[in-house]
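[1] Got a sequence here, can you model it:
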Amino acid sequence: MHIQEYINIQELTTFKLPCTARFFCVVKTVSELQEAIQYAQKNNVQLFVLGGGSNTIFQNDTIDALVVKNEIDGIAVVDGDDVSTTVRFGAGLPWDDVVNYTVAHDLAGIEAMAKIPGTAGATPIQNVGAYGQEIKDTLTELEAIEIATGASEVFLNEDCHFAYRDSIFKQDAKGKYIITSITLRLHKTPPTIPHYPGVREYLTQKGIDAPTVRDIADAIGDIRSTKLPDPEHIASVGSFFKNPIVEASVYEKIKAEYPNVKAFEVEDKYKIPAGWLIDAMGYKGKVVGKLEFYPNNALVVVNRGGATFGELQMLIDDVIHSVEATFGITLEPEPVFV
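    Numbers count the residues shown, from 1 in each chain. Prediction:
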């Protein structure tokens, strides 16, 4: 482990706001991570862990902390039977490498989360999900280092207190642990087809009646490419807002005035796509200074180059206030603001 000083980390996040880290290092093992924690404690500096940077937005030009780039990798099969295989993945692995591994081994459970940027270790923090699948559905346990002590702890699925885009690591345990590995129980049975019209239409057009894990992952990848920008070429954090879940009475009130409103029933409530709400306010494709709402998806904010956090904050506040004034719904951003 090598500690560097005053390192430009703008390119380590997908939104690419300018930022310089006072201290910076890359860790590839748990022991290196523990060394980094000890360094931060000894030198009385804040610790911030960066994975793929796809859900991080820097608020200032500098961050007075030790920024640790987590590149802990490794894949190991830890259990298995006739119906499932349990696999441990290093937290620093790119998430799509994890999905690709499961596809290559015909293991179902996370194929609908293909092409999501970020790392494996970030997925439990906000219970990442897409097209009806969430990490809570397959995660059996995770390992994490407690920052205060440097000790390794195991969190079982129930310990994580998963909810929609939420977990204990965004609540009571926020900032207290660094995830080093996740363990997933994946299925050998045929995958479940996502209950989303676009996916079913895609498979029908391809003439696929009994899709494999690879078929669904390919479908999701192709669909996402039409809706979301490639973070390798266009600066964004993907979906900027959570899809709000509202009471039936709120949904019915909106539907009465906007009959074309899209919604998905979730138990006795309704999930309304945030993108639909934003599009209804006329933001889709709108350019504001150096920022843009992606023309193919109103849920995505793009940094066209040179944007500042102040400009982003003004735009996001405007969207939140507009949606709240019109629909009575308060949008909640997905990214972590640092």
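[2] contacts, neighbours, all on C-alpha from now
    Noted.
[3] Now do Val336 against Lys174, distance only.
    Note on Val336: its distance to Lys174, by Cα to Cα, to the nearest Å, is 12 Å.
[4] now Thr13
    In terms of Cα to Cα, Thr13 sits 20 Å off from Lys174.
[5] need the contact list for Ile57.
    By Cα atoms under 8 Å, 6 or more residues apart in numbering, the residues touching Ile57 are 13, 15, 17, 335-338.
[6] partner residues bridging it?
    Applying DSSP bridges to Ile57 gives these bridge partners: Phe337.
[7] neighbours around Glu32, how many?
    17 (other Cα atoms under 10 Å).
[8] Use 295 as the first number from now on
    In the new numbering, first residue 295, that becomes Glu326.
[9] Three-state assignment for it, please.
    helix (DSSP: H, G, I helix; E, B strand; the rest coil).
[10] what sits against it?
    Met295.
[11] still on that earlier bit, for the buried ones among the contacts of Ile351, write the corresponding PyMOL selection.
    Remark: buried members of these, expressed as a PyMOL selection using 16 or more other Cα atoms under 10 Å:
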select buried, resi 307+309+311+629
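[12] Looking at the contacts of Ile351, spot the one nearest Ala438.
    Distance to Ala438 across the contacts of Ile351 (Cα to Cα) is lowest for Val630, with 19.3 Å.
[13] The closest one touches Thr350, doesn't it?
    Yes: at 4.9 Å, Val630 counts as touching Thr350 under the criterion of Cα atoms under 8 Å.
[14] coming back round to it: rebuild the contacts of Ile351 as JSON lines, extending it with pLDDT and distance to Gln298.
    As requested, the contacts of Ile351 are arranged in JSON lines below (pLDDT from 0 to 100; distance: Cα to Cα, whole Å):
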{"residue": "Thr307", "pLDDT": "95", "distance to Gln298": "18"}
{"residue": "Phe309", "pLDDT": "96", "distance to Gln298": "23"}
{"residue": "Leu311", "pLDDT": "96", "distance to Gln298": "20"}
{"residue": "Pro629", "pLDDT": "92", "distance to Gln298": "26"}
{"residue": "Val630", "pLDDT": "89", "distance to Gln298": "24"}
{"residue": "Phe631", "pLDDT": "93", "distance to Gln298": "23"}
{"residue": "Val632", "pLDDT": "92", "distance to Gln298": "20"}
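[15] what comes up buried for stretch 469-488?
    Using 16+ other Cα under 10 Å as the test for burial, stretch 469-488 gives 471-482, 485-488.
[16] how long is it end to end?
    In terms of Cα to Cα, the two terminal residues of stretch 469-488 are separated by 34 Å.
[17] what does the longest helix along the chain rub up against?
    Assignment by DSSP state H gives helix 603-621 as the longest helix of the chain. Applying Cα under 8 Å, 6+ apart, the contact partners of helix 603-621 are 311, 352-354, 548, 571-572, 575, 582, 585, 623-625.
[18] how does it look with 7 Å?
    353, 548, 571-572, 623-625 (Cα atoms under 7 Å, 6 or more residues apart in numbering).
[19] Please, a PyMOL command that selects the buried ones among those?
    The PyMOL selection below is limited to those of these classed as buried (16+ other Cα under 10 Å):
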select buried, resi 353+548+571+572+623+625
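[20] nearest to Tyr564, of the contacts of helix 603-621?
    Nearest to Tyr564 among the contacts of helix 603-621, with distances taken as Cα to Cα, is Ile548, at 11.4 Å.
[21] and the closest one, helix, strand or coil?
    When the rule is three-state DSSP, Ile548 gets the label helix.
[22] Neighbours of the closest residue to it other than its chain neighbours, how many?
    Closest residue in space to Ile548, ignoring its immediate chain neighbours: Phe621 at 6.8 Å, by Cα to Cα, 6 or more residues apart in numbering. When neighbours are counted by other Cα under 10 Å, Phe621 registers 14.
[23] and what of Lys521?
    For Lys521, using other Cα under 10 Å, the count is 16.
[24] residue nearest the centroid of the chain?
    For the chain, the residue nearest the mean C-alpha position is Val422 (5.1 Å; Cα atoms, centre = their mean).
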